[in-house]
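K.L.:
With the input below, show me the fold.
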Amino acid sequence: MQINNYLDTGGIIIKPNFLKLDVFNNFMKYINESKHIPTYQPHRLYYGNRYQAYPCYDYEISDSVCGNIIKKEIEKFLDIKIKYFKAWSRKILMEEIKKSQYNRAYGGIHQDEISKYAAVLHLDQSFDGGTAFFERPHDNKPDIYLSAFTNRLVLYKGKRFHAPCNDFTFEVRNIIAIFLDF
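P.N.:
You can find the predicted model right below:
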């Protein structure tokens, strides 16, 4: 089955140990030293303040060494050529989520508009954190729930309804949000 067909019909590709351990450790050092900017999701909409949306801190890594490593690893893993690629390191402070409109298990159920496909590279391990997938935007419970697992890539069709999962036992949720077309 072609990868496009699999993803387009609702499939999810999961790649554990996405980066080699030494690369992942260097990657984490770079991410932790980077200056993340306060913002919110969805950023394309206006809100009175960050807490009316899903507050987070972003740092674009698309054209950085880390971004290029991610892009090349996805191309190698899937045996494809990426035509469009954007990636952000994202930090979510759970204390801010508690103050926001998303003080619950799941962040906003949404579709990604920026590209045909999306991926999350989880940087932490959390059984209650991760990514949830829904059949419809008004569903209360996910159809599929994937816990966050360090260095695991989750790739899916951007138009598939999904949401971040909030694990309030953590101070920070760390991910790489990836948007791509191939």
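K.L.:
Start and end of stretch 121-141, how far apart?
P.N.:
22 Å (CA to CA, to the nearest Å).
K.L.:
Please spell out which residues along it are buried.
P.N.:
121-124, 126, 129-134 (16 or more other CB atoms under 10 Å). Every residue, glycine included, has its C-beta placed from N, CA and C.
K.L.:
which stretches of this protein have low pLDDT?
P.N.:
Scanning the chain for pLDDT under 70 picks out the ranges 1.
K.L.:
For it, just list every one of the helices.
P.N.:
Assigned by DSSP state H, the chain shows helices spanning 3-8, 21-33, 65-78, 94-99.
K.L.:
For Tyr51, which of the ones you listed is the nearest?
P.N.:
Comparing the helices of the chain against Tyr51 with CB to CB, the closest turns out to be helix 94-99 (5.1 Å).
K.L.:
hmm, who's touching the closest one?
P.N.:
Identification of contacts with helix 94-99 by CB atoms under 8 Å, 6 or more residues apart in numbering yields 50-51, 54-55, 103, 107, 166-168, 170-173.
K.L.:
Kindly export it (C-alpha atoms) in CSV.
P.N.:
These are the backbone C-alpha positions of helix 94-99, laid out as CSV (Å, rounded to 0.1, in the frame of the first residue of the first chain):
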residue,chain,number,x,y,z
MET,A,94,0.9,22.9,32.3
GLU,A,95,0.4,25.8,34.8
GLU,A,96,-0.7,28.0,31.8
ILE,A,97,-3.0,25.2,30.5
LYS,A,98,-4.7,25.1,33.9
LYS,A,99,-5.4,28.9,33.5
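K.L.:
quick revisit: so which of the buried residues of stretch 121-141 is the closest to Ile92?
P.N.:
For these, the nearest to Ile92 is Gly129 (9.3 Å; CB to CB).
K.L.:
Find the nearest non-adjacent residue to that closest one, please.
P.N.:
Asp167 (3.6 Å; CB to CB, 6 or more residues apart in numbering).
K.L.:
next one: Tyr30
P.N.:
Cys66 (5.6 Å).
K.L.:
what's the farthest-apart pair in the contacts of helix 94-99?
P.N.:
Arg50 and Asp167 (20.0 Å).
K.L.:
circling back: any idea which of the helices of the chain gets closest to Tyr59?
P.N.:
helix 21-33 (7.5 Å).
K.L.:
Who are the packing partners of that closest one?
P.N.:
Packing partners of helix 21-33 (3 or more CB pairs under 8 Å, 6 or more residues apart in numbering; DSSP states H and E): helix 65-78.
K.L.:
now Lys99: how far from Lys81?
P.N.:
43 Å (CB to CB, to the nearest Å).
K.L.:
bridging residues for Val172?
P.N.:
Beta-bridge pairing of Val172 under DSSP bridges involves Leu93.
K.L.:
my guess is it meets Leu93, correct?
P.N.:
Yes: look at Val172 against Leu93 with CB atoms under 8 Å: they come within range, at 5.8 Å.
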